[in-house]
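[1] build me a model:
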Amino acid sequence: ETRVAGAAMAPRVAAPAATASTGTPGPAADLDEAVERIGAEHAVSPQLIHSVIRAESNYDSGAVSPKGALGLMQLIPATARRFGVSDVFDPLENIQGGVKYLRYLLDLYDGDYPLVLAAYNAGEGAVTRYGGVPPFPETRNYVERVARNLKEAKPAAGKSVVANPAAPVVTEGSPSGPNHIAEIVEPDGSVRYVSR
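    Sure, this is the predicted structure:
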């Protein structure tokens, strides 16, 4: 089976520059700005984008996986073409293509992060064939790794990070009366209100 997007990196992973505040690996400021901008353009949370990049290439824009996935977001050539990426090693183009693909998957799977991540890793066909996250150890580990990255991601200025990307976070309003309001923060960071 041909993978649709990325693979966990093996041979070519360069450590990213350390962040000034923590000394831990992290994106450079201009890459962080690009992630924020591209994420906003496509309504994909920057935390999700960073979590995928970290799992896919650990911020190595020249990364090449043993399965032929390329660049920061580890796009295979067919996926790169599908989402208009002409130079997979150009960080901005790679992020743009990867985020377009994430947006497509978020829409396809109604924001179900485990399915989105499984499809990003193993392909939409595998998710369809198995009716959910495929039983492949690599894919299951990948979904868990991205979820862990997402949980550890620092929130963007004033935004909260969803701790469990598999389900929305529900914050109850006043519990009095049958029609109290609940705030639901979706995995992509969007907020909606429902009557309970």
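[2] only C-alpha atoms for contact and neighbour calcs from this point on.
    Will do.
[3] tell me who's in contact with the spatially closest residue to residue 52 that is not a sequence neighbour.
    Nearest residue to residue 52, sequence neighbours excluded (Cα to Cα, 6 or more residues apart in numbering): residue 146, at 5.9 Å. With contact set as Cα atoms under 8 Å, 6 or more residues apart in numbering, residue 146 has these partners: 51, 52, 55, 117.
[4] okay, and the helix or strand of the chain with the least pLDDT?
    The weakest-scoring helix or strand in the chain, judged by mean pLDDT, DSSP states H and E, is strand 169-172 (a mean of 36).
[5] the residue nearest to residue 52: which element?
    Assigned by DSSP states H and E, residue 146 belongs to helix 137-152.
[6] list the buried residues in that helix.
    139, 140, 142, 143, 144, 145, 146, 147, 148, 149, 150, 151 (16 or more other Cα atoms under 10 Å).
[7] now do the same contact list for residue 35.
    Contacts of residue 35 (Cα under 8 Å, 6+ apart): 46, 49, 50, 95.
[8] again, only this time at 7 Å
    By Cα atoms under 7 Å, 6 or more residues apart in numbering, the contact list for residue 35 reads 46, 49.
[9] distance of it from residue 63?
    Applying Cα to Cα, to the nearest Å, the value for residue 35 to residue 63 is 18 Å.
[10] before we move on, what about residue 38?
    21 Å.
[11] the two - which one has more neighbours?
    Between residue 38 and residue 63, counting by other Cα atoms under 10 Å, residue 63 is the more crowded of the two (25 against 21).
[12] tell me the pLDDT at that one?
    What the model reports as pLDDT for residue 63 is 96.
[13] now residue 143
    pLDDT, read off for residue 143, is 97.
[14] excluding residues flanking it in the chain, which one is nearest it?
    Nearest non-adjacent residue to residue 143 (Cα to Cα, 6+ apart): residue 117, at 5.7 Å.
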